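>>> predicted model and sequence follow; I will ask about them next.
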Amino acid sequence: MASPYAILEVSESADAEEIRTAYRSRIKRAHPDRGGSIEQFVLVKEAYEEAMHALESPEHSPADITYRATQTTVGYTVSYLDYAVVQREGWAVDDPQNFSRAEGLDLPPSEFGAFAVGHRESVLEAAERHGFSWPYSCRGGACANCAILIVEGAVDMNVNTVLTQPMRERGIRLSCIGEPVTEHIAIVFDIGSLPGLSELRLPAQQANPAE
């Protein structure tokens with residue numbers, strides 16, 4: 001058992017920015033692709049959520065945390081990057097080096113980071129479970145509001161009614177029905193403004209971003 005602050009290697013008086021900075025550093029070291037493990041990855045994620053909850057709710061006392069495999073089934077890990085960052089930096093959207101470049105920027109967790117995906121869980125479901133509000137609309141693979149670009153790894157969709165073969169060959173998938181089939185995937189999310197995808201999106205007023 002260890003406190004969230006000990007896991008994140010910050011003091012109990014750390015503010016939100018210190019906790020976010022520590023989380024970005026620790027989650028990279030805990031990633032299975034960097035010598036860490038799924039257990040460490042989940043532990044750091046839980047510690048970050050617990051520490052931030054304590055800041056947002058002063059009456060909440062941070063609990064000691066230990067990895068409990070029975071409480072979550074982790075199958076895959078996702079490294080994610082917001083397309084807005086790619087555009088801002090002038091990078092090619094499908095360049096795998098974007099993720100290492102992003103590490104050198106002071107990006108918030110909403111724009112860059114990693115999270116775990118359970119077995120039989122879609123990428124969108126996992127993102128929402130971890131507190132992210134990624135775009136979507138139909139949730140059934142019938143529009144491109146939730147489109148993502150797979151830069152590394154593979155994501156399977158059980159149906160496909162909107163993406164053309166060239167789009168699929170490029171690595172475009174729908175996060176609402178897309179499930180990882182490789183241990184690690186790297187994706188660029190919120191790519192709906194890419195050529196060819198805008199006409200496959202539902203009107204903005206029909207979209208229902210996660211709260």
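Yep, it's here.

>>> run through who's touching the longest helix anywhere in the chain.
Ranked by residue count and defined by DSSP state H, the top helix of the chain is helix 38-56. Here helix 38-56 makes contact (Cβ atoms under 8 Å, 6 or more residues apart in numbering) with 4-5, 7-8, 10, 14-16, 19, 23, 26-27, 30-32, 60-63, 65-67, 69, 72, 74, 77, 114-116, 130-131. Where C-beta positions appear, they are placed from N, C-alpha and C, glycine not excepted.

>>> among these, which are in strands?
Mapping these onto strands (DSSP state E) picks out Val74, Thr77, Ala114, Phe115, Ala116.

>>> compare the residues you listed and tell me which is most surrounded.
Thr77 (25 neighbours; other Cβ atoms under 10 Å).

>>> does that residue have beta-bridge partners, and which?
With DSSP bridges as the criterion, Thr77 is bridged to Ala116, His184.

>>> and the pLDDT at it?
We have a pLDDT of 90 for Thr77.

>>> what's the answer for Val162, then?
Per-residue pLDDT puts Val162 at 91.

>>> gap between it and Ala147?
Separation of Val162 from Ala147 (Cβ to Cβ, to the nearest Å) stands at 9 Å.

>>> if we can go back for a sec, can you say which of the contacts of helix 38-56 are buried?
Neighbour-count burial (16 or more other Cβ atoms under 10 Å) applied to the contacts of helix 38-56 gives 4-5, 7-8, 10, 14, 19, 23, 26-27, 30-32, 62, 65, 74, 77, 114-116, 130.

>>> coming back round to it: taking the contacts of helix 38-56 one by one, which sit in helices?
Pro4, Tyr5, Ile7, Leu8, Ala16, Ile19, Tyr23, Arg26, Ile27, Ala30.

>>> and those, which two are the farthest apart?
Using Cβ to Cβ, the ones in helices among the contacts of helix 38-56 span at most 20.3 Å, a distance reached by Ala16 and Ala30.

>>> in the sheet, who's paired with Met157?
Gly178.
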